[in-house]
Structure formats: structure tokens, C-alpha cells
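Participant: Structure, please.
(one chain, ligands or ions: 1)
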Amino acid sequence: MNENPPSVACPCCGYHTLTGAANYEVCPICFWEDIPQSDLYARSTSNRITLRKAQQNFADIGACEAEYGELVRQPTADDARISNWRPMEQRLRQQQHALLDGFVHHRAGLLEQLARFVHDGLLRAIAEADYGMNVEEHLAALRQIHAGQIPVPIKWEPREVLELVRWSQPDGPNGRGEGKDAGRYGHLQRAFACTALLLIASEPENSGRLMGSEKDSIIQLIGSVLALDLKLQRPALRLLSERVLTLDLGDAELPFFALGILLLAATLPDVEPQQLGELGEWVLAEEARIRAELLHTWRPPTQQWLFGLASYNTYQESWQVTTVSILEKVIPALPLSEALVLRNIIERIGM
Ligand SMILES: [Zn+2]
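Facilitator: So this is what the prediction gives:
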């Protein structure tokens, strides 16, 4: 018998293969090098991928990285493993479900709810957004979406007009529509366009086929949902929550979804303070986790909280203004600990 049996669990495979923690030992079962936590996300030559990915690789191929496949050994009956071992991926998904299942189970879908208010004339107005080009083609495609059919793969019609309407500012001087209902008319169009774009983006086959990013659709959608005052917050929460549950855990847009969910939840009267606090903690934790993961990539994040994760921050000011105005409203009614979490988000997002 080994006089000094390994007693410390490897953070990658969960087997007790190490004699000490964070001691740069290489695990014989998965070939992960046990570097100190502080180095975990640093660019290192020992582990070139994140622990989350390494754990995933171990589950898939039995080694932390494919090239070490020849160097690892199979675990045997003598290898003890942490009881209830769960890879990070599973833990994060379980956390998402605990936070979001209540929203996901809301009865009505956002597209279905919006379709009640978006009449055919409004679809035509969206179809005309590309300077009146290809109106009939756009309209036909928009009618399909209105009926609940999400186009796969997405084509130019109606992608172009949906993206153009997403940029629109219904309350601005060049707001869409005319007359006294101009703002409302424009917000219905924009809410429909953003909803459609988020649903289109959630189809795996449409990956990479859209311009702009989902975070742009999220903040423009929230703006219109609040302006319309048609009780669309819950269906919008369901849409964002469903999307998060399918989003890759390394996706840089994830923290934007988390913040969007917190903001919508904060506008509902029946969401418990504790739940808002948990959502706030989640936003902060996911921002930090994605930030750390991005350090490994060719595009490391900038210092700036949240926005430093994205390549383009077209709607940075909208995110800032909306976050501050919604959270400032709920903070006075919250217990101290929850208030501090949301205050922390306001301070980080800056103005
Ligand atoms: Zn291991």
C-alpha cells in the first residue's frame, strides 16, 4: 500500500488522486494540473482550457483534453471519488433551473401574447422598414412568424426588416408610425421584432445568421414591454428564461440575459425580495465567471463590468439607464442584504 495515499480530490474528475491541494500535481485519471485557484483562469501553459470545459471533456472522452487521452488511466474500484460528484456544468444548470423554472412555467408565450395586439397593418409597417423594398416577401414571412412559425434557416426576408425595426426608437423624433399613437404603434412593432429575433436566434440552425446580438434585442424588448404596459413582463421573462436554459454556458451574452431577467422580475409586484437578491447574485456571479473564461480566448474582456465582455456595445446607455431606473425603484422596499446586492449592480454598471 502507498504510505501516503492521495486524499485530495482532483477538481476536474473528482477522484481522490492528489496528495495536496493546489500543488501543481497532475491527476493520473484525467491529466488536469491542479493549479492554485488564483491561477485557475490565468493564461497558463499547464491547463489551456477552463475547468468547466475540462470537466466536460473528461465526461466525454475520459481526459481533460483530447491530446492527453493516451496518458490517462481508467479509474478503478479502488479510486475514491467525492460523493455526489457534480461537474460545474451540472451545478450551473441546476442553479439556473432553481432560479428560472417559476418563470419558464408561465402559461403564455410572448409571441402569442403580442400577436393579439399586432394586427396585419402593423406587420405591413414592419415589412416596409427596408425603404419599401421587397415588402410582399417580408410581409409573407412576418405573417408566418405571427402565426407562430419561426423561420429555419432565417433568410433575408424578414431578417432585414426585423433587424431594422429592432434599432428603431419609437419615442424619438423619428419614431415609427404617425399620429398620437405613434409611440405605442412603434413599440408594438419593436417588441414584435425583438421577440421574433430572440426566437430565431434560439434555433440552433440559425446560429451565426443574424446581425447584432441577442443582448441588443433584450434591452430593446424590455424598453418596449415597459412602455406598452400590456402585462407582457411575465411572458417576456419566460422567453428570456427559456433561452438561458439552452444557451451555452460559455456564451458571453449570458450575463446580459441574467440582467434582463432581473430587470423584468423587478418590475413585477409579486416577486419576493429574496428572489430578487438571488437573481442579483446570479448576475454578478455569471459576469465574473464569463469574464474569467474569456481570459482564455483571443478576445479577453476589458475592465468594464458587463460591457467589457461584449465586442460591440451598441446599447450600453440603454442598459445603464434602464438598470438604474428599475433597480432604484425597488431598492427602498428591500431588506438590507438584497438592497446591497442590487446597489452593487448599479455601482458596477456605472452611468
Ligand atoms: Zn482528475
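
Participant: pLDDT of stretch 21-29, averaged?
Facilitator: In this model, stretch 21-29 carries a mean pLDDT of 92.

Participant: Render the CA-only coordinates of that stretch in PDB, please.
Facilitator: C-alpha atoms of stretch 21-29 as PDB (Å, rounded to 0.1, in the frame of the first residue of the first chain):
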ATOM      1  CA  ALA A  21      -4.300  20.900  -2.900                       C
ATOM      2  CA  ALA A  22      -3.200  23.400  -5.500                       C
ATOM      3  CA  ASN A  23       0.200  21.800  -5.600                       C
ATOM      4  CA  TYR A  24       0.700  21.600  -9.400                       C
ATOM      5  CA  GLU A  25       0.200  17.800  -9.300                       C
ATOM      6  CA  VAL A  26      -1.100  16.200 -12.400                       C
ATOM      7  CA  CYS A  27      -4.000  13.900 -12.000                       C
ATOM      8  CA  PRO A  28      -3.300  10.400 -13.400                       C
ATOM      9  CA  ILE A  29      -7.000   9.800 -14.200                       C
END
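
Participant: and it, is it in reach of the ion?
Facilitator: Yes. Applying CB under 5 Å from the ion, one finds stretch 21-29 touching the ion at 27, 29. Just so you know, the C-beta spots here come from the backbone N, C-alpha and C atoms, and that holds for glycine as well.

Participant: Distance check, the residue nearest the centre of the chain against residue 27.
Facilitator: The centroid of the chain falls nearest to residue 254 when counting by CA atoms, centre = their mean (2.3 Å). Distance, residue 254 to residue 27, by CB to CB, to the nearest Å: 28 Å.

Participant: Test my guess that the residue nearest to the centre of the chain contacts residue 245.
Facilitator: No. Contact criterion CB atoms under 8 Å: residue 254 and residue 245 do not qualify, at 10.9 Å.

Participant: any idea how far the ion is from the residue nearest to the centre of the chain?
Facilitator: To the ion, residue 254 is 26 Å away according to CB to the ion, to the nearest Å.

Participant: quick one: contacts for that residue?
Facilitator: For residue 254, the contacting residues are 244, 247, 286, 290, by CB atoms under 8 Å, 6 or more residues apart in numbering.

Participant: Return the subset of those lying in helices.
Facilitator: Among these, the members falling in helices (DSSP state H) are 244, 286, 290.

Participant: show me where the stretch 251-351 of the chain has helices.
Facilitator: 254-266, 273-294, 316-330, 336-349 (DSSP state H, counting those that start in this stretch).

Participant: Let me have the ones you listed in CSV, adding mean pLDDT as columns.
Facilitator: Below are the helices of the stretch 251-351 of the chain laid out as CSV (pLDDT from 0 to 100):
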stretch, mean pLDDT
helix 254-266, 98
helix 273-294, 95
helix 316-330, 97
helix 336-349, 98
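
Participant: looking at those helices, which is buried most?
Facilitator: helix 254-266 (a mean of 26; mean count of other CB atoms under 10 Å).

Participant: Give me the angle between that helix and helix 316-330.
Facilitator: Angle of helix 254-266 versus helix 316-330, following axes from the mean of the first three to the mean of the last three CA atoms, to 10 degrees, is 40 degrees.

Participant: From the chain's centroid, how far away is helix 254-266?
Facilitator: 8 Å (CA atoms, centre = their mean, to the nearest Å).

Participant: and the angle for that helix with helix 273-294?
Facilitator: 170 degrees.

Participant: Quick one: classify the closest residue to residue 19 other than its chain neighbours as helix, strand or coil.
Facilitator: Of all residues not flanking residue 19 in the chain, residue 6 sits nearest, at 5.3 Å (CB to CB, 6 or more residues apart in numbering). Under DSSP: H, G, I helix; E, B strand; the rest coil, residue 6 falls in the coil class.

Participant: Mind pulling up the pLDDT for residue 6?
Facilitator: Reported pLDDT at residue 6 in the predicted model: 83.

Participant: Could you do residue 298 as well?
Facilitator: Here the pLDDT value assigned to residue 298 is 78.

Participant: Give the burial count for it, as a bare number.
Facilitator: A total of 5 residues lie near residue 298 under the criterion other CB atoms under 10 Å.

Participant: And it, how far from the ion?
Facilitator: When distance is defined by CB to the ion, residue 298 is 27 Å away from the ion.

Participant: mind starting the numbering at 42 from now?
Facilitator: Right, with 42 as the first residue, what we last looked at is residue 339.

Participant: now the strands for the stretch 42-191 of the chain?
Facilitator: Assigned by DSSP state E, counting those that start in this stretch, the stretch 42-191 of the chain shows strands spanning 49-50, 57-59.
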